[in-house]
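Q: pasting the structure only:
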């Protein structure tokens, strides 16, 4: 009996040791975007590379299309520790602090190189903001330039007056107001239904969303106004990050850096492909008229001045660093 007890104790000890040696940490990472989105695919590749780099020690489970939390709930869920990590669009938090909305100031940065410079200029401030909220920024990835989709032709801003314009952050709400349109808050996953029911008539979003959400089935006019290039952010709850050992943290950050570089390159390449597909699907893809472009830039100038007034010295420092 003693020998049996000793053998059982040894077996149990060995099992516990093996379990400890192969202990796995699992994180949930919700996103509001479809699994087929290039943004979601990039996050999934990031999760796969983290698992590979850590030998399975850290497993990140992706929950796309708002299946775990709705898009506008994800940041708060990470902040409160309800989920370990998550992806959200930075400008969606501009109502908390205007610095979150720096990349959605219309016509401030209307190309990929300009958007990259603005991202680098604003990164220290965004890192600081998220840290104060108990989060750590892992990486950002841009959408193609936000352009105008409309059920009807738009030649001037006057054509938008009285229409229902989709809004997804404070900036898009303000554009609608300045254009004389009615801002209507609709998340991307609900946009197709909103168009079908007439809840929304026009909106600003990327060429990527146009293809991925099959918006060409409901909207026939696309104007490449390239108002701004907003960024998604993948963040982690700071306590969850700090609970990892140093090698795992390093592997996570290395995979995040690779995901950020990949996100910028993929977005630019995809934009050209998406524009061609929108046209092939029957959408009229065109540059804005000279009058529309001029009037939208006036709206942009107004909003830049308003943003600087709200953002104060920190905002001015970002613009100064970007302008160098």
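A: That came through fine. Just so we're clear, the structure is a prediction, and the values are computed from it rather than from any experiment.

Q: all strands of the stretch 151-300 of the chain, in order?
A: Secondary structure of the stretch 151-300 of the chain (DSSP state E, counting those that start in this stretch): strands at 164-167, 182-185, 202-205, 221-223, 231-237, 284-286.

Q: For the ones you listed, please prepare a markdown table with the additional fields mean pLDDT.
A: Putting the strands of the stretch 151-300 of the chain into a markdown table (pLDDT from 0 to 100) gives the following:
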| stretch | mean pLDDT |
| --- | --- |
| strand 164-167 | 96 |
| strand 182-185 | 95 |
| strand 202-205 | 95 |
| strand 221-223 | 97 |
| strand 231-237 | 98 |
| strand 284-286 | 96 |
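
Q: Pull out the buried positions in stretch 292-299.
A: 292, 295-296, 299 (16 or more other CB atoms under 10 Å). The way it works is simple: take the backbone N, C-alpha and C, and place the C-beta from them, glycine included.

Q: how about low-confidence regions in the stretch 101-250 of the chain?
A: Scanning the stretch 101-250 of the chain for pLDDT under 70 picks out nothing.

Q: in it, which spans are helices?
A: 112-132, 170-179, 191-196, 207-212, 238-242, 246-280 (DSSP state H, counting those that start in this stretch).

Q: do you know which of these lies nearest residue 314?
A: Closest to residue 314 of the helices of the stretch 101-250 of the chain is helix 112-132 (CB to CB; 5.8 Å).

Q: What helix or strand is residue 41 located in?
A: Secondary structure from DSSP states H and E places residue 41 in helix 38-53.

Q: quick revisit: residue 146: which of the strands of the stretch 151-300 of the chain is closest?
A: Residue 146 lies closest, by CB to CB, to one member of the strands of the stretch 151-300 of the chain: strand 202-205, at 4.5 Å.

Q: pLDDT score for residue 73?
A: Model confidence at residue 73, given as pLDDT, is 97.

Q: how deep is it tucked in, by neighbour count?
A: Neighbourhood size, residue 73 [other CB atoms under 10 Å]: 17.

Q: Next: residue 204.
A: 26.

Q: do the same with residue 127
A: A total of 13 residues lie near residue 127 under the criterion other CB under 10 Å.

Q: cool, the one 5 residues further on as well?
A: Neighbouring residues of residue 132 were enumerated by other CB under 10 Å; the total is 9.

Q: cool, residue 315 as well?
A: Count around residue 315 with other CB under 10 Å applied: 21.

Q: Once you drop chain neighbours, what's closest to it?
A: Among residues not flanking residue 315 along the chain, residue 308 sits closest, at 5.5 Å (CB to CB, 6 or more residues apart in numbering).

Q: Would you point out which residue is most central in this structure?
A: The residue lying closest to the centre of the chain (CA atoms, centre = their mean) is residue 232, at 2.0 Å.

Q: these two touch, right, it and residue 39?
A: Yes. With contact defined as CB atoms under 8 Å, residue 232 and residue 39 form a contacting pair (5.5 Å).

Q: rewinding a little: quick check: the farthest pair among the buried residues of stretch 292-299?
A: Spatial extent of those (CB to CB) is set by the pair 292 and 299 at 10.7 Å.

Q: one step back: taking the buried residues of stretch 292-299 one by one, which sit in helices?
A: Using DSSP state H, the subset of the buried residues of stretch 292-299 located in helices is 292, 295-296, 299.

Q: Please name the spatially closest residue to residue 240 (chain neighbours excluded).
A: In space, and not counting its chain neighbours, residue 240 is closest to residue 84: 4.1 Å by CB to CB, 6+ apart.

Q: I'd like the distance between the one you found and residue 90.
A: 19 Å (CB to CB, to the nearest Å).

Q: Much appreciated, bye for now.
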